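*Asks:* Pasted the sequence and its predicted model underneath.
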Amino acid sequence: MGYVLRVRLASFFAGTAVASTAGLYVLYHDYKLAHLSLSDQGTERNGEGERGVDSFPSSVSGVPLMMLFIARERKTMKRLHDSLDKRVSALEKVKEAEVPQQHPEAIE
């Protein structure tokens, strides 16, 4: 009977440790998203100098924090891709300008 009790207690404490770790992980990311949302709240304003509807926290507007985070990441990635596209285009133009013109005798 003592062996079964020890195995059950060990399983209980192992499960508690895993659940606690998972809970802390979720709580940390929730805190991180809330912090991002609130830090962006002060920077987003409409043309009248007042806060727009989009700048309120998700508890007010009903938009989940994860959706705000995803939208922000999409904007960031779009800016990154646009910047990289401009750089690649500039490098391609430089490369085309550096290609020497072949002489007609070399073609034949």
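*Replies:* Yep, that arrived.

*Asks:* Could you measure from Lys32 over to Ala71?
*Replies:* According to Cβ to Cβ, to the nearest Å, Lys32 stands 16 Å off from Ala71. The way it works is simple: take the backbone N, C-alpha and C, and place the C-beta from them, glycine included.

*Asks:* my bad, Ala19
*Replies:* Ala19 is 31 Å from Ala71, where distance means Cβ to Cβ.

*Asks:* next helix or strand past the least confident helix or strand in the chain by mean pLDDT?
*Replies:* Every helix and strand of the chain was ranked by mean pLDDT, DSSP states H and E. The lowest is helix 58-61, at a mean of 48. Next helix or strand after helix 58-61 toward the C-terminus (DSSP states H and E): helix 65-98.

*Asks:* now for that next one, which elements pack on it?
*Replies:* On a contact count with 3 or more Cβ pairs under 8 Å, 6 or more residues apart in numbering; DSSP states H and E, helix 65-98 meets helix 2-41, helix 58-61.

*Asks:* Nearest to His81 among those helices would be which one?
*Replies:* Of all the helices and strands packed on helix 65-98, helix 2-41 sits nearest to His81, with 21.1 Å by Cβ to Cβ.
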